[in-house]
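[1] For reference, the sequence and a predicted model appear below.
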Amino acid sequence: MTVLIDPPTWPAHGTLFSHLVSDTSLAELHAFAASIGVSPRAFDLDHYDVAAERYEVAVAAGAVPVGGRELARRLGASGLRVPGRARRATKADALLARWDALLPGAREVGVELVERWHEPHRVYHGPEHLVHALDSLALLEGRPPGVPDAAGSPGHAGTGAPSGPGGSAPGVTQLALWFHDAVHDGEAGRDEERSAALAGARLAGRLDAGAVDEVVRLVLVTTDHSPAADDRTGALVSDADLAVLASAPDRYARYVRQVRAEYAHVPDDAFRAGRAAVLCGLLAGSALFRTAEGATRWEERARANLTAELAALDSPA
């Protein structure tokens, strides 16, 4: 790991601040910051703001002093950098505003979820993924990105109480995305089960039992992204979760770096083998996206991205 720090030139709160970053691992960045007494509250998605009086302490502890441009370049190359536009949307207050509009009167649940999505060990499965999934769902449901379709009061969900598979309940699909990676410990299958259980516990009494059960079911759909042919709501959630696969080349490359950074503890050979198996599994299916809208928007580009990534894994040099 390399921890980098730029000069304290950023004014705020009556002093100057440096940026402290890692070009390898957020987990190790958090550990380094804690070791020199920097508060967790100083963390801002991909860096710590370090007051000028702590600069020499950080350097003495092993942080490498670099200029601001070099720090930005190294952070960008690492895959850990969160761009400005995404940064604004992933801030806690912006996410909480979206949650409050979706499920009024449940602020404490929203606070817990936002805290979970901002957990230090997350790189790809963090707030940027949540925002992208919610905005992708909005496109599929015909809503402007960033504008929730409120889940309403207990007994209601979205524009109406949810039907079974194949029904349409926008509020329920959004709630499923809020909860779908709420537990992320890197245990495939178990994470989805725990996230679904969390949804059931936190939504009980806030929506009718049928709506809660539907959210739980939809969270579990993201385990294998294989909704039944008549499962419209499941298809919406699955497609929104996978929409990042169809990103523009620069965004997809950042996604690939983020995934690698999230598994920085895995040796290269083992990671390449595991990642190749995931990619081959995705490409082997007849369709990545199960809604007509998703297939039209994203299928071709997603397959091109996955195929290019797989080729790169076969030629690691």
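    Arrived safely, thanks for sending. What you see is a predicted model, and the numbers here were worked out from it, not measured in a lab.

[2] When you work out contacts or count neighbours from here on, use the C-alpha atoms and nothing else.
    Will do.

[3] Pull the number of nearby residues for P11.
    Residues lying near P11 (other Cα atoms under 10 Å) number 12.

[4] what sits opposite it in the beta ladder?
    Under DSSP bridges, the beta-bridge partners of P11 are L16.

[5] Which pLDDT value does the model give it?
    Reported pLDDT at P11 in the predicted model: 91.

[6] Output the lowest mean pLDDT helix or strand found in this protein.
    Least confident helix or strand of the chain, by mean pLDDT, DSSP states H and E, is helix 84-90 with a mean of 76.

[7] That one - contacts with which helices or strands?
    Under the contact criterion of 3 or more Cα pairs under 8 Å, 6 or more residues apart in numbering; DSSP states H and E, helix 84-90 touches helix 127-141.

[8] The helix or strand just after the helix it packs on packs against which elements?
    Later in the chain than helix 127-141, the nearest helix or strand by DSSP states H and E is helix 170-180. Applying 3+ Cα pairs under 8 Å, 6+ apart, one finds that helix 170-180 contacts helix 127-141, helix 190-203, helix 209-221, helix 232-242.

[9] Return the alpha-carbon coordinates of the third one using PDB.
    Read it as helix 209-221. This file holds the C-alpha atoms of helix 209-221, laid out as PDB (Å, rounded to 0.1, in the frame of the first residue of the first chain):
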ATOM      1  CA  ALA A 209     -47.000  -7.400   5.200                       C
ATOM      2  CA  GLY A 210     -47.400  -8.100   1.400                       C
ATOM      3  CA  ALA A 211     -45.200  -5.100   0.500                       C
ATOM      4  CA  VAL A 212     -42.500  -6.200   3.000                       C
ATOM      5  CA  ASP A 213     -42.500  -9.700   1.700                       C
ATOM      6  CA  GLU A 214     -42.200  -8.300  -1.800                       C
ATOM      7  CA  VAL A 215     -39.200  -6.200  -0.900                       C
ATOM      8  CA  VAL A 216     -37.500  -9.200   0.800                       C
ATOM      9  CA  ARG A 217     -38.200 -11.300  -2.300                       C
ATOM     10  CA  LEU A 218     -36.800  -8.700  -4.700                       C
ATOM     11  CA  VAL A 219     -33.600  -8.400  -2.600                       C
ATOM     12  CA  LEU A 220     -33.100 -12.100  -3.000                       C
ATOM     13  CA  VAL A 221     -33.500 -11.800  -6.800                       C
END
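
[10] That helix: which residues count as buried?
    Going by neighbour count (16 or more other Cα atoms under 10 Å), the buried part of helix 209-221 is 210-221.

[11] I'd like the mean pLDDT over stretch 215-229, please.
    Mean per-residue pLDDT for stretch 215-229: 96.

[12] State the distance from V215 to A101.
    According to Cα to Cα, to the nearest Å, V215 and A101 sit 17 Å apart.

[13] Name the residues that touch the host helix or strand of A302?
    If you go by DSSP H and E, A302 is part of helix 300-314. The contact list for helix 300-314 (Cα atoms under 8 Å, 6 or more residues apart in numbering) reads 245-247, 249, 252, 272, 276, 279-280, 283.

[14] May I ask which of these has the most neighbours?
    The most neighbours of any of the contacts of helix 300-314, using other Cα under 10 Å, belong to L245, which has 22 neighbours.

[15] Can you report how many residues lie near the nearest residue to that one once chain neighbours are set aside?
    For L245, ignoring the flanking residues on the chain, the nearest one in space by Cα to Cα, 6 or more residues apart in numbering is A302 at 4.9 Å. Counted with other Cα under 10 Å, the neighbours of A302 add up to 24.

[16] For T9, state which of the buried residues of helix 209-221 is nearest.
    Taking Cα to Cα as the measure, V219 is the one of those closest to T9, at 44.6 Å.

[17] which ones are touching that closest one?
    Here V219 is in contact with 176-177, 179-180, 192, 195-196 (criterion: Cα under 8 Å, 6+ apart).

[18] Now, of those, which are buried?
    The neighbour count (16+ other Cα under 10 Å) marks 176-177, 179-180, 192, 195-196 as buried among those.

[19] Where do the domain boundaries of the protein fall?
    3-81, 86-244, 247-314 (automatic domain parsing).

[20] Give me the most central residue, this structure.
    H129 (2.6 Å; Cα atoms, centre = their mean).

[21] Just give the closest residue to R122, not the sequence neighbours.
    E262 (6.5 Å).

[22] do Q174 as well
    Computed as Cα to Cα, 6+ apart, the closest residue to Q174 that is not its neighbour in sequence is L134, at 6.6 Å.

[23] ok, back up a step: buried ones in the least confident helix or strand of the chain, by neighbour count?
    Quick answer for helix 84-90 (16+ other Cα under 10 Å): 87, 89-90.

[24] and after that helix, which helix or strand comes next?
    Sequence order places helix 92-102 as the next helix or strand after helix 84-90, per DSSP H and E.
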